[in-house]
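Engineer: Pasting a predicted model and its sequence here:
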Amino acid sequence: MITLLKKQGYFETLWKNGGRKTQQIAIYPPEAELAKNNFLWRISSATVSQESPFSQFPGYERLLTVWKGAGLLLNQTELLPFKFLRFSGDSDIYCKLIGPDAVTDLGVIYNKDKIKARLSTETILPDSTVDLGPGLHFLFLAEGGTCQVNNFPMEVGDTLKIEQTELIHVFSSDHSKQHFFLITLKDL
C-alpha cells in the first residue's frame, strides 16, 4: 500500500522544548503525542534559523540530515547537506548554523528498544525500478523535478509512505534524476 503525503498536509507543531516549529510528516501510532513521548517513531522536518538547544527524547534514538542550507553544528559535530548523524535522544545537543541562512532538516526519532531505523539518500534515474526490500519506507523527494512514483505525482518536499510494497517505479517526464531521502523502519 502506498500513501502520498503532500507537504501542504504536514502537521505543524512546536518543538518539544517549545523553541521552534516543525512539520510533522508522520507519527506512529497516529494518536500519539510528541510531548508525552508515547510514540514508536516520528518523522519531521524543521527549519532552524538561529542557534538553540535541541529537544530531548529520553529512551529514543535520532537520525538527522540537512535538506536545505549550508549545514548545522551540533555541539562540535558538523552536519552537512545530505549527510547523516545518529545520536541519542538523551543527549544535550546545542545547534548552531554553519552559514548565515536558515537550514531545513529532516529527522527521525524512534524507540530504539522496539524499532530499527535507517536513513539514506537515493539518486534515482528516470524510468527506473527500485527494490526497497522489506520494511516500512518513507520516500521524501529532496531534489529534482516533478516525478511519479508508482503513478503517484510528487513534488519536492512530498513524501510517499510505502507499506507491504517493495518495488517502486520512478518516472520523470523531463528525464531528470531525482534525489530522495529514504527512511526505512523495521520492528526489532
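Structural biologist: Okay, I see it.
Engineer: Could you use CA atoms for every contact and neighbour count after this?
Structural biologist: Fine.
Engineer: what's the residue closest to the geometric middle of this structure?
Structural biologist: Leu106 (3.9 Å; CA atoms, centre = their mean).
Engineer: Which of the helices or strands spans that one?
Structural biologist: In the assignment (DSSP states H and E), Leu106 maps to strand 103-111.
Engineer: name the helices or strands packed onto that strand?
Structural biologist: Contact partners of strand 103-111 among helices and strands, from 3 or more CA pairs under 8 Å, 6 or more residues apart in numbering; DSSP states H and E: strand 41-48, strand 60-68.
Engineer: quick one: average pLDDT of the longest one?
Structural biologist: Across strand 60-68, pLDDT averages out at 97.
Engineer: just to revisit the earlier point, what's the spacing between the residue nearest to the residue nearest to the centre of the chain when sequence neighbours are not counted and Arg20?
Structural biologist: Spatial nearest neighbour of Leu106, excluding adjacent residues (CA to CA, 6 or more residues apart in numbering): Ser45 at 4.4 Å. Distance of Ser45 to Arg20, given as CA to CA, to the nearest Å: 11 Å.
Engineer: Can you name the next helix or strand after the lowest-mean-pLDDT helix or strand in the chain?
Structural biologist: Within the chain, confidence by mean pLDDT, DSSP states H and E is lowest for strand 11-14 among all helices and strands, at a mean of 84. Per DSSP H and E, strand 11-14 leads on to strand 21-28 as the next helix or strand towards the C-terminus.
Engineer: Ser45 and Arg20: who's more crowded?
Structural biologist: Taking other CA atoms under 10 Å, Ser45 and Arg20 do not tie; Ser45 has more neighbours (22 against 16).
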